[in-house]
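pasting the structure only:
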């Protein structure tokens, strides 16, 4: 029963993929979207039962579907590992996934390729579930590539838009770099352990040399950096906003991009053995958190601000992994899924209301016209900014407190600065969108409407989760969430439990930081709107640098894309001149040869054949009357032949002569 | 005790009857029956010699011949039915399409 439920979790969306993908054109959109969100709802229910079972028994269970690869000493099962970490991921993925599917029904209503959209979304759910449920690296990798594919398909959903197609390609190619690292890690694991099952690998992890542990951990990190959009491979995520907004919410905020964090936590046994890798993870995360936050300060596209915010928050999760706070990383992953999905979907609601407008310079004053969306977006902003006692406060504060108590002061400083910037840019976004004078184009303004209940409903649920989502992790480091996750994600290393005074002091500091960001945003965009321009005028170059995202895309173009293109052109030239030259030469030689043999065949061979054929024809003409078509003639000939044959045989035996001739 | 020559004579007579039937009759069904007569003439010959030579081989071959004759009759009748449907006739002289 338990096994069946576990298998059903990915099997339900898979069924929907097959039905919608293969037969989707045969039935109405109404049925297609019900199949889409219904299957995810089924998965969610199964996940809840599985979660309850794990909560009750506390057991780590493995469910084998079938033996997938079997040869020599290599056995790889398609099997699922159900442990507390997987359970949390299952609930987040299917729960948030379900809400976003439901929202999509309203948001994507009337879009071209409605059924295709749900097919891809469900395929994404299947892949993501394989990713978090697999009990070995290969199943993880299949899920990993599957979500990458779906990300590509959904970013390029509006495939007739050049920018969308380019963004999709960019996401795919950049992810490929990370995937190469991930593959290397898998190979290293197999070489060292002769198996790819987590349980066996982690049980034997102690025999790894520190260098090998570092090598595996770094290769895994490269994979995680690509998928979770960290420095230096983060550039694809902001461009990925070309996809429909529910896609941005589901794939590029709540679930797929957190796969890297999940993978690091899953492999924490290996990371714990390598201080070098841990430090790298922490610094990659810390730098990304700060770096992306600074870019987010000045962006003008509502979804791009959220995208940089996502990159920044993922940086926090990496930072948490790097300092050994795996539980805090997963905790932040969960709360981030809630409030970032909420923010993206509310932003989608704004975009929907404004007929596709995404530039916050053309928004403002929407509070009165979109009261629901406004309050929901505000809840999300408060949660991500870390205002007490919303979800983001608990999870982010825990990461910062852990960094402080474990004496990572530089990382702590970066995290605090990042938190200040986060609070600032999120409130900037809120103020520019919902408050102040309306800057909406008056044609658009006439059509502003609040979103239908099918869209606001999921938003309300997510808002509630964003408010209460932090409470399972209270008190910090000792909450229910930590107890549940401890068997799967307890870090090694000494634990520095902070005193109550220090905990409260750090919480107070975090709140003050968040409020300062809010205050600054309130001053610049609420009280004195012209002040923002004055500030830009003070440091125009710095502003331009931020606005142009530190020119990183241009730098990559110059360093990687252009040389690659030039290499491609050289290859093209080589192909056209040398390879094609050889091919053409062969063609010429063959052509002349065949011209010769054609002549020979036409005159010499055909001549002979015609002569032989004509001779035969003449010979046959006199005999063909024998073929009369009358059965009796044939029978008579058989009898006559038989008569002659028997006569000859008898003559042979008896030695008599036939027509005067002796036969022997 | 009937001498062997009597069996051989009977067999020869029957075979000749069948052969003439095949050659001169125009009705497809009759032709088929004549073929059966020839086959059974051969059977008589086989059984007679088998008895005379005190060997079972001939009788077993006769059994094979009977089986094959059954098959041949089935196929032949099937062909007749098909042809009859097309031509409303069982006259073999009218079935002469396979020629030069």
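Good, I have the coordinates. Source: prediction; values computed, not measured.

so the residue of the stretch 501-650 of chain A found nearest chain B is in which element?
Distances between the stretch 501-650 of chain A and chain B by CB to the nearest CB are smallest at residue A:629, namely 3.2 Å. C-betas here are computed from N, CA, C, even on glycine. Assessed by DSSP states H and E, residue A:629 sits outside every helix and strand.

and the pLDDT for it?
Per-residue confidence (pLDDT) for residue A:629: 80.

who's in contact with residue B:94?
By CB atoms under 8 Å, 6 or more residues apart in numbering or on different chains, the contact set of residue B:94 is residue B:87.

kindly recompute the last result at 10 Å.
Residue B:94 makes contact with A:630, B:26, B:28, B:83, B:87-88, according to CB atoms under 10 Å, 6 or more residues apart in numbering or on different chains.

what of residue A:338?
By CB under 10 Å, 6+ apart, residue A:338 lies in contact with A:92, A:95-96, A:99, A:254, A:380, A:383-384, A:390-392, A:395, A:461-470.

could you measure from residue A:448 over to residue B:9?
To residue B:9, residue A:448 is 117 Å away according to CB to CB, to the nearest Å.

those two: which is more packed in?
Neighbours per residue (other CB atoms under 10 Å in any protein chain shown) separate residue A:448 from residue B:9, with residue A:448 holding more: 17 against 11.

now the more buried one: which helix or strand?
Per DSSP H and E, there is no helix or strand for residue A:448.

how many residues are close by the residue of the stretch 501-650 of chain A closest to chain B?
Neighbours around residue A:629, by other CB under 10 Å: 13.

restricted to helices, list the contacts of residue B:94.
Judged by DSSP state H, those include B:28, B:83, B:87 as members of helices.

out of those residues, who has the most neighbours?
Compared across the ones in helices among the contacts of residue B:94, residue B:28 has the highest neighbour count, 21 neighbours, by other CB under 10 Å.

phi and psi next, for the nearest residue to it once chain neighbours are set aside.
Among residues not flanking residue B:28 along the chain, residue B:90 sits closest, at 4.2 Å (CB to CB, 6 or more residues apart in numbering or on different chains). Per-residue torsions, residue B:90: phi -120, psi 20 (degrees, to the nearest 10).

in the stretch 451-600 of chain A, which spans are helices?
Along the stretch 451-600 of chain A, the stretches classed as helices by DSSP state H, counting those that start in this stretch are A:453-468, A:480-489, A:500-522, A:530-538, A:540-547, A:552-556, A:562-574, A:580-600.

and those, which is most packed in?
Of those, the one with the most neighbours on average (mean count of other CB atoms under 10 Å in any protein chain shown) is helix A:453-468, at a mean of 20.

near the nearest residue to residue A:54 once chain neighbours are set aside, how many other residues are there?
In this structure, residue A:54 finds its nearest non-sequential neighbour in residue A:87, 5.0 Å apart by CB to CB, 6+ apart. Residues lying near residue A:87 (other CB under 10 Å) number 23.

just residue A:218 next, same as before
Residue A:218 - counted by other CB under 10 Å - has 17 other residues nearby.

what about the closest residue to it other than its chain neighbours, distance to residue A:412?
Among residues not flanking residue A:218 along the chain, residue A:277 sits closest, at 5.5 Å (CB to CB, 6+ apart). According to CB to CB, residue A:277 stands 20 Å off from residue A:412.

and what of residue A:132?
30 Å.

and those two? Which one has more around it.
When neighbours are counted by other CB under 10 Å, residue A:132 comes out ahead of the other of residue A:132 and residue A:412, with 27 against 23.

list the contacts of the more buried one.
Counting by CB under 10 Å, 6+ apart, residue A:132 has contacts A:9-10, A:80-81, A:85-90, A:92-94, A:140, A:143, A:255, A:258-259, A:262-263, A:266.

how does it look with 7 Å?
When the contact criterion is CB atoms under 7 Å, 6 or more residues apart in numbering or on different chains, the partners of residue A:132 are A:86, A:89-90, A:93, A:262.

show me where pLDDT drops low in chain B?
For chain B, the stretches with pLDDT under 70 are B:100.

where do the helices sit along the stretch 1-150 of chain A?
Here the stretch 1-150 of chain A has its helices, by DSSP H, counting those that start in this stretch, at A:2-23, A:29-57, A:84-107, A:114-133, A:137-155.

what about the closest residue to chain B within the stretch 1-150 of chain A, neighbour count?
Of all residues in the stretch 1-150 of chain A, residue A:26 sits closest to chain B, at 44.0 Å by CB to the nearest CB. Number of residues near residue A:26 (other CB under 10 Å) recorded here: 10.

so which strand or helix has residue A:407?
For residue A:407, there is no helix or strand it lies in under DSSP H and E.

pLDDT wise, what is it at?
With respect to pLDDT, residue A:407 scores 87.

how many other residues sit next to it?
Residues contacting residue A:407 under the criterion other CB under 10 Å number 11.

who in chain B is up against chain A?
With CB under 7 Å from any CB of the partner chain as the criterion, chain B meets chain A at residues B:19, B:22-23, B:92-93, B:96-100.

what's the ChimeraX line that selects buried ones from these?
Selecting only the buried entries of these in ChimeraX, with 16 or more other CB atoms under 10 Å in any protein chain shown as the criterion:
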select /B:19,22,23,92
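
in JSON lines: the residues of chain B next to chain A, plus secondary structure.
Listed next are the residues of chain B next to chain A as JSON lines, based on DSSP: H, G, I helix; E, B strand; the rest coil:
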{"residue": "B:19", "secondary structure": "helix"}
{"residue": "B:22", "secondary structure": "helix"}
{"residue": "B:23", "secondary structure": "helix"}
{"residue": "B:92", "secondary structure": "helix"}
{"residue": "B:93", "secondary structure": "helix"}
{"residue": "B:96", "secondary structure": "coil"}
{"residue": "B:97", "secondary structure": "coil"}
{"residue": "B:98", "secondary structure": "coil"}
{"residue": "B:99", "secondary structure": "coil"}
{"residue": "B:100", "secondary structure": "coil"}
